[in-house]
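Asker: The following comprises the amino acid sequence and a computationally predicted model.
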Amino acid sequence: MGDGLADGVSQGEAGPREFRTAPLWGLGQRIFFLHDGRTANLERAIREHASNGSEANGVIANFNNLGEGRKQDILNFLRSL
């Protein structure tokens, strides 16, 4: 998760900067996103993963470089799961 989402909790081999990502199946039925439910906005949830040490930084950069129509296509797909 990196520094920005670190919660100080260790679970098994996952340290305070790590978290087991929930499967995407059912994402479209969720009301809140992120491991602590801090946002109801899917695009904000994507942006919130960007932080020092986050493995998601490259994926977020790719998402941000898409045109608005392509971004919307991805958001629509995620909401369909």
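Answerer: Here it is on my side, so go on.
Asker: Next one: the residue of the chain most remote from its centre from His49, what distance?
Answerer: Within the chain, the residue lying farthest from the chain centre (C-alpha atoms, centre = their mean) is Gly12, at 21.3 Å. As judged by C-beta to C-beta, to the nearest Å, Gly12 and His49 stand 21 Å apart. For glycine as for every other residue, the C-beta is placed from the backbone atoms N, C-alpha and C.
Asker: need the strands for the chain, in chain order.
Answerer: Using DSSP state E, the strands of the chain do not appear at all; there are none.
Asker: Where does pLDDT dip in it?
Answerer: 1-6, 14, 16-22 (pLDDT under 70).
Asker: counting contacts, what elements does the biggest helix by length in it pack onto?
Answerer: Counting residues, the longest helix found in the chain (DSSP state H) is helix 68-80. Under the contact criterion of 3 or more C-beta pairs under 8 Å, 6 or more residues apart in numbering; DSSP states H and E, helix 68-80 touches helix 42-48.
Asker: Now do the buried residues in the helix it packs on.
Answerer: 45-46, 48 (16 or more other C-beta atoms under 10 Å).
Asker: Counting by contacts, list what it packs against.
Answerer: Right, helix 42-48 is packed against helix 57-64, helix 68-80 by 3+ C-beta pairs under 8 Å, 6+ apart.
Asker: Tell me how far the longest one lies from the chain's centre.
Answerer: With C-alpha atoms, centre = their mean, to the nearest Å as the basis, the distance from the averaged C-alpha position of helix 68-80 to the chain average is 14 Å.
Asker: Equivalent analysis for stretch 35-52, please.
Answerer: 5 Å.
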